[in-house]
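Colleague: Predicted model and sequence follow; I will ask about them next.
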Amino acid sequence: MNEFAYVVNVDCAVVRDDEYLVIERGSEEEHAPGTVAFPGGKVEQEQGWMPSRTRPGGR
């Protein structure tokens, strides 16, 4: 059984002087091959990690 209930993906928009940093996805990618996108990826879960809303004293 998989111990993870969900996958967290993040993207980042980097802007400087009205220019944007983008990447071209590889042609072999399963999702949206060859398209332009903001850089990003999956967040790796560390042992003992939990979202701040569920952490004691979290906001």
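Modeller: Right, received. Where do you want to start? Numbers count the residues shown, from 1 in each chain.
Colleague: going forward, measure contacts and count neighbours with C-alpha atoms only.
Modeller: Fine.
Colleague: ok, Pro39 - how many residues close by?
Modeller: 15 (other C-alpha atoms under 10 Å).
Colleague: Spit out the contact partners of it.
Modeller: Pro39 is in contact with 11-13, 21-23, counting by C-alpha atoms under 8 Å, 6 or more residues apart in numbering.
Colleague: does the nearest residue to Pro33 once chain neighbours are set aside sit in a helix, a strand or a coil?
Modeller: Using C-alpha to C-alpha, 6 or more residues apart in numbering and skipping residues adjacent in sequence, the residue nearest Pro33 is Ser27, 4.7 Å away. Put simply, Ser27 is coil when judged by DSSP: H, G, I helix; E, B strand; the rest coil.
Colleague: wouldn't Ser27 be in contact with Val36 here?
Modeller: No. Contact criterion C-alpha atoms under 8 Å: Ser27 and Val36 do not qualify, at 11.1 Å.
Colleague: one step back: buried only: go through the contacts of Pro39 for me.
Modeller: Neighbour counting over these (16 or more other C-alpha atoms under 10 Å) leaves no buried ones.
Colleague: Looking at the residues you listed, which is nearest Lys42?
Modeller: Comparing the contacts of Pro39 against Lys42 with C-alpha to C-alpha places Asp11 closest, at 9.0 Å.
Colleague: Tell me what the closest one is bridged to.
Modeller: The bridge-partner assignment for Asp11, based on DSSP bridges, gives Gly40.
Colleague: just checking, it touches Phe38?
Modeller: Yes. Contact criterion C-alpha under 8 Å: Asp11 and Phe38 qualify, at 6.0 Å.
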